[in-house]
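**Q** have a look; sequence and predicted model below, questions after that.
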Amino acid sequence: MSTRIAIIGGFLGAGKTTLITKLAQRLTGEGKRVGLIMNDQGEVLVDTNYGYGLGLEVEEVLRGCFCCRFPDFMASARTLVDRKGPDVILAEPVGSCTDLLATIIAPLKIVYPNEFSVAPLIILVDSARVLKDGIEAHSIGGVLRTHQIEEAEYVVLSKVDLVGTKDLARLRKAIKAVNPDCKIIPYSSVTDDGLDRVLKVIAARKSSARAPKPIDYDTYARAEAELGWYNGRYLFSAKDRYDTYELANQLLRQIATQFDPSDIAHAKVMIKSETNAVKMSLVLGNITVDAVGGSRYGNGSTELIVNARIISTPERLREAVREAVELAMASVHLNLERSEDDCFAPSPPRPHYRMTGKDEP
Ligand SMILES: Nc1nc2c(ncn2[C@@H]2O[C@H](COP(=O)(O)OP(=O)(O)O)[C@@H](O)[C@H]2O)c(=O)[nH]1
Ligand SMILES: [Mg+2]
């Protein structure tokens, strides 16, 4: 029997991981077996650690997006199938990734028709970002977000708790202007509005049926390369208890002061001490506490992971994050013991498959 697989895309910070973990928890609660596949251009992911923390079954595709590493993506999906026999696999592609119909969904359908049943493509669109920046293809990041909407079969309009009824009508209109065929599901992770509708799309047997939309790969590559991509891990030990919340908040606040809010795709921090865990995010200049395990106070051996995707040169971003970590640690009187990090601009996308409907056998 084939395994149901849903690809849940959308721009960085739109709410993919939050939605996917909610879906996984709901499905698990209904007695279903669920596997997740996370994805990043680098290594050391806040999202994966968050998934593990919730006790979910997570595989990762690292050092490249699903499309460029399609064989790794397949290997992850098969590992989940062999290990868990999941009813559903939920896969989160890198937020700057688009052309998913041609590079992931078509290959799954055409090359592996008996192994997987592919759900219609779901794309998250951040209501707050659209209200602030609009949907336009002039800005370089706008090219990616617009194409993501063009290829969506379902647009999950996230964070609707942050917008009023009038704004919601405007947002619907703006999305329909880009893609008149898509269905729109207003969604909030705060109220869970829309969650049942997304679950229905995944549970139904209906397969993805949308034809890929053209995109110029030079423009796509330039848009991705505008982003600095930082992943870092910092280790330290605290003899006395310290305020983990304050540490994460200071760190993100420091990063926020260095960049224009619209340039911050997202920055995330996860701190895991011997006694607690905190996850916090910075999107568009706003800091949110996403999850706290235990109390806000940490103690003993601690791991701090930072992921930041910001329009910047890699050099400037690396410097800004390192300085932010240093200042934040000093503010709670902690000393760093060890760290490793990586910062780069994503290289041009070179998909393993690109099936546009014209060139397959
Ligand atoms: N207010 C609000 N915040 C949300 C919602 N969904 C996600 N977020 C927040 O948006 C930030 C980015 O979410 P995340 O799931 O990590 O985005 P991803 O980069 O697309 O995986 C986090 O701070 C989330 O808590 C929502 O529906 N409403
Ligand atoms: Mg994510």
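**A** Ah, there it is. Ligands and ions are numbered 1, 2, ... in the order given.
**Q** how near is the residue lying closest to Asp240 once chain neighbours are set aside to ligand 1?
**A** In space, and not counting its chain neighbours, Asp240 is closest to Asn299: 7.4 Å by C-beta to C-beta, 6 or more residues apart in numbering. In short, each C-beta sits where N, CA and C put it, glycine included. Using C-beta to the nearest ligand atom, to the nearest Å, Asn299 is found at 25 Å from ligand 1.
**Q** same question, His333
**A** 27 Å.
**Q** does that residue touch Tyr242 like I think?
**A** Yes: with contact defined as C-beta atoms under 8 Å, His333 reaches Tyr242; the gap is 7.3 Å.
**Q** the two: which is more packed in?
**A** A count of neighbours by other C-beta atoms under 10 Å puts Tyr242 above the other of His333 and Tyr242, at 21 against 9.
**Q** OK, contacts around that one?
**A** 297-299, 332-334 (C-beta atoms under 8 Å, 6 or more residues apart in numbering).
**Q** domains in this structure, by residue range?
**A** 3-223, 227-344 (automatic domain parsing).
**Q** buried ones in the strand or helix carrying the residue nearest to Asp240, by neighbour count?
**A** Using DSSP states H and E, Asn299 maps to strand 297-311. Buried residues in strand 297-311, counting neighbours by 16 or more other C-beta atoms under 10 Å, are found at 297-299, 302-311.
**Q** burial measure for Asn114, as a count.
**A** 7.
**Q** what about it, which SS state?
**A** Of the three states, Asn114 takes coil under DSSP: H, G, I helix; E, B strand; the rest coil.
**Q** so what pLDDT did the closest residue to Phe73 other than its chain neighbours get?
**A** Closest residue to Phe73 apart from its sequence neighbours, by C-beta to C-beta, 6+ apart: Phe66 at 4.4 Å. On the pLDDT scale, Phe66 is placed at 96.
**Q** now for Phe66: which residues touch it?
**A** 7, 37, 39, 73, 91, 93-94, 97, 100, 103-104.
**Q** who in the chain is up against ligand 2?
**A** Residues of the chain lying near ligand 2 by C-beta under 5 Å from the ion: 16-17, 47.
**Q** before we move on, back to that, with distance to Tyr353 added, can I get the domains of the chain in JSON lines?
**A** Shown next, in JSON lines, are the domains of the chain (distance: least, C-beta to C-beta, whole Å):
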{"stretch": "domain 3-223", "distance to Tyr353": "4"}
{"stretch": "domain 227-344", "distance to Tyr353": "24"}
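**Q** looking at those domains, which is closest to Arg354?
**A** Arg354 lies closest, by C-beta to C-beta, to one member of those: domain 3-223, at 5.1 Å.
**Q** measure the residue nearest to Phe73 to Ile104 for me?
**A** Distance of Phe66 to Ile104, given as C-beta to C-beta, to the nearest Å: 5 Å.
**Q** equivalent analysis for Leu124, please.
**A** Taking C-beta to C-beta, one finds Leu124 at 16 Å from Ile104.
**Q** repeat for Ile89
**A** Ile89 is 12 Å from Ile104, by C-beta to C-beta.
**Q** more neighbours, these two?
**A** The neighbour count for Ile89 versus Ile104, taken as other C-beta under 10 Å, is higher for Ile104 (28 against 24).
**Q** quick one: that one and Ala6 touch, right?
**A** No: taking contacts as C-beta under 8 Å, Ile104 lies outside contact range of Ala6: 11.3 Å.
**Q** bridging residues for Gly298?
**A** Note on Gly298: beta-bridge partners by DSSP bridges are Tyr242.
**Q** quick one: it and Ala248 touch, right?
**A** No: using C-beta under 8 Å, Gly298 makes no contact with Ala248, being 10.1 Å away.
**Q** show me what contacts Ala152?
**A** Contacts of Ala152 by C-beta under 8 Å, 6+ apart are 121-123, 179, 182.
**Q** in those residues, find the pair that's most separated.
**A** Farthest pair in the contacts of Ala152, by C-beta to C-beta: Ile122 and Asn179, 13.0 Å.
**Q** who's more crowded, those two?
**A** Between Ile122 and Asn179, counted using other C-beta under 10 Å, the more crowded position is Ile122 (27 against 21).
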